[in-house]
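>>> Model the following, please.
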Amino acid sequence: MSYELEGTLKEVFETKTFGKGFTKREFVITSSKGPDDRYPQHIKLTLIKEKVSLVDRFKPGQRLKITFDVRGNESNGRYYVDLQAWKIEAGDGSGGSSAMGGGGGGGESYDDDGPSGGRGGSKRPPRREYDDDDDSRDFGGGRQDGMPF
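Next comes the predicted model:
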């Protein structure tokens, strides 16, 4: 399942190379509800393998729309979550600071198929809306010390 996030590019880190040529690069997007948001979110995403160069086209301060997958794993009884980006588009400047879920959008797109290629050219399903008042989904897990994150 893919997700989308809109925000401002805050920082891009150096590419790291691990054993057997595996490469990884992290970057941070600042997402907020608007110019008066007192608590903007700084979200770190990851690019791997041949995708590490996708962020090279953009500069800090530029509005972007990122398409990513949520990846999780376990190591020695600890659980980790990684947001792996696979598509980066220049923001279209039409407002709406942050969004999760599928959807359209404008701007120039870069992914593994080149500019404006998309993933196989297929259309995404419509975005699902959830009613927070009647949300019976149980995500389980969570911290044992009472902290929300």
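
>>> low-scoring stretches of this structure, by residue?
When residues are selected by pLDDT under 70, those of the chain lie in 92-149.

>>> now the strands: where do they sit in it?
Taking DSSP state E to define them, one finds strands in the chain at 2-12, 16-17, 23-31, 41-48, 63-75, 78-90, 109-111, 114-115.

>>> okay, now Ile43: neighbour count?
Neighbour count for Ile43, taken as other C-beta atoms under 10 Å: 17. Backbone N, C-alpha and C define where each C-beta goes, glycine included.

>>> hang on, I meant Ile48
As a burial measure, Ile48 scores 15 neighbours (other C-beta under 10 Å).

>>> How about it, nearest residue that isn't a chain neighbour?
In this structure, Ile48 finds its nearest non-sequential neighbour in Lys24, 5.3 Å apart by C-beta to C-beta, 6 or more residues apart in numbering.

>>> you'd agree the one you found is up against Leu45?
No - contact between Lys24 and Leu45 fails when scored by C-beta atoms under 8 Å: they sit 11.2 Å apart.

>>> ok, now how distant is Ala90 from Lys59?
The gap separating Ala90 from Lys59 is 11 Å, by C-beta to C-beta, to the nearest Å.

>>> Give me the more crowded residue out of the two.
Using other C-beta under 10 Å, the more surrounded residue of Ala90 and Lys59 is Ala90, with 16 against 9.

>>> can you pull up the bridge partners for that one?
In this entry, Ala90 is beta-bridged to Leu64, by DSSP bridges.

>>> Buried residues of stretch 64-79, list them for me.
Leu64, Lys65, Ile66, Thr67, Phe68 (16 or more other C-beta atoms under 10 Å).

>>> Rebuild these as a markdown table, extending it with distance to Phe13.
Shown next, in a markdown table, are these (distance: C-beta to C-beta, whole Å):
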| residue | distance to Phe13 |
| --- | --- |
| Leu64 | 16 |
| Lys65 | 20 |
| Ile66 | 15 |
| Thr67 | 20 |
| Phe68 | 16 |
